[in-house]
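Novice: test case, fold it:
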Amino acid sequence: MPGRSSIMPVISFSAVDSALSSLKTCHVSINTGIEVTTDVALALTEHEGSAEEVSKMEKLMLDYVSMDRELEQFIHVVEDVTNQIKQERPERLPDMKLLVNKKFNEVQNLNKDEDLLKTDIYRHFKSQLNEMKKQVGAGSQNESTSANEIDEDIAVTQSQRNFICPITQRELQCPVKNKVCGHSYEEEAIIKIIQTKHKQKKKARCPVVGCDNGDMNQSDLSTDSTLRRAIESHRRFQTRRLLDTQTVGNEGEYIRST
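Specialist: Model (predicted):
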C-alpha cells in the first residue's frame, strides 16, 4: 500500500545498546552502597553497637540487593526483547516498550523476598558480620542447633570460599571488584588476563563460572576494601585462635610436668 513504509516503526538498536550501557553503570552506585553499608555494619558490630543499629544495616543491605536484582532482571529482559525483535520482519515489529514492560512484570511477579536472603551478596554480607561477631565474642552464648545457626554456618563457609581468587585458586591478597558483575579477583591475575585478551584483539570474559559479563576492562576494577577487611579480620581471628590453642597446650604440658 502507498505510504505504508512511512508509518512503519523504526527501532534504533544502537540507541538501545547505549541505554543498556548506561544502565549497567548503575551497578557502580549499587556496589558503592553495598560496600558502605557493609563497612558501617562491621564497624557497629566491632564496637558492639546496638542490635537495632545493625538490624537497620541488614535491612538496608536487602534494599540494595533488591535493587541489584531488579536492575539485572530489567537488563536481561531488554536484551532478550532486543534479540527477539531483531529476528522479526520489518512489517511485524512489535511495540518494544510494551513488550519489555510485559516481560519485566512477568519476571517481577516471580520474585520472592526470601530469595534475597539466598543471594551471594547478602550471604557474603552476613558471613562477614558473623565473622566479626566471633572476634568480639558476641553471640558465643546460647548456642543451639536451630535452623538460623545452620544458615550462619553455611554463610561462614561461603565467606571462606569468597576469600579464594577464582583465577589463582589461592587466598586473595590484593582483591579488586568488578563494578559491572560484582565479582572479585586477585588484582595482578585479573589485569594480566584483561591485558592479554586485549592484545589479542579479543574481549575478556569474567573468569567466574556462570557469569555473563563477557567484556571486562581495567576501568571496571576497583579495590575491594570490604573483602580485604574481611580477609584481614579472618586472619586475625585464626591467629588468635591458634595462639589460644597453643596456650592451652602449654598449660597442659606444664601441669603434667609438675
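Novice: ok, then the element right after the helix or strand of the chain with the lowest mean pLDDT?
Specialist: In the chain, the helix or strand scored least confidently by mean pLDDT, DSSP states H and E is helix 147-162, which has a mean of 48. Heading C-terminal from helix 147-162, the first helix or strand you meet, by DSSP states H and E, is strand 175-178.
Novice: for that next one, which strands pair with it and how are they oriented?
Specialist: Taking DSSP bridges as the criterion, strand 175-178 forms sheet pairs with strand 184-186 (antiparallel), strand 221-223 (antiparallel).
Novice: helix or strand right after the first one?
Specialist: It stands for strand 184-186. Next helix or strand after strand 184-186 toward the C-terminus (DSSP H and E): helix 187-199.
Novice: who are the packing partners of that following helix?
Specialist: In terms of contacts (3 or more C-beta pairs under 8 Å, 6 or more residues apart in numbering; DSSP states H and E), helix 187-199 is packed against strand 175-178, strand 221-223. Just so you know, the C-beta spots here come from the backbone N, C-alpha and C atoms, and that holds for glycine as well.
Novice: list the buried residues in the host helix or strand of E72.
Specialist: Counting by DSSP H and E, the element that carries E72 is helix 51-86. Of all the residues in helix 51-86, those buried under the rule 16 or more other C-beta atoms under 10 Å are 54, 57, 60-62, 64-69, 71-75, 77-78, 81-82, 85.
Novice: tell me the gap between that helix and the middle of its chain.
Specialist: Distance, stretch centre to chain centre, for helix 51-86: 11 Å (C-alpha atoms, centre = their mean, to the nearest Å).
Novice: make 755 the first number, not 1, from now on.
Specialist: With the count now opening at 755, the last piece we talked about shows up as helix 805-840.
Novice: quick one: low-confidence residue ranges for the stretch 905-1012 of the chain.
Specialist: Counting by pLDDT under 70, the stretch 905-1012 of the chain contains low-confidence residues at 905-916, 991, 995, 998-1012.
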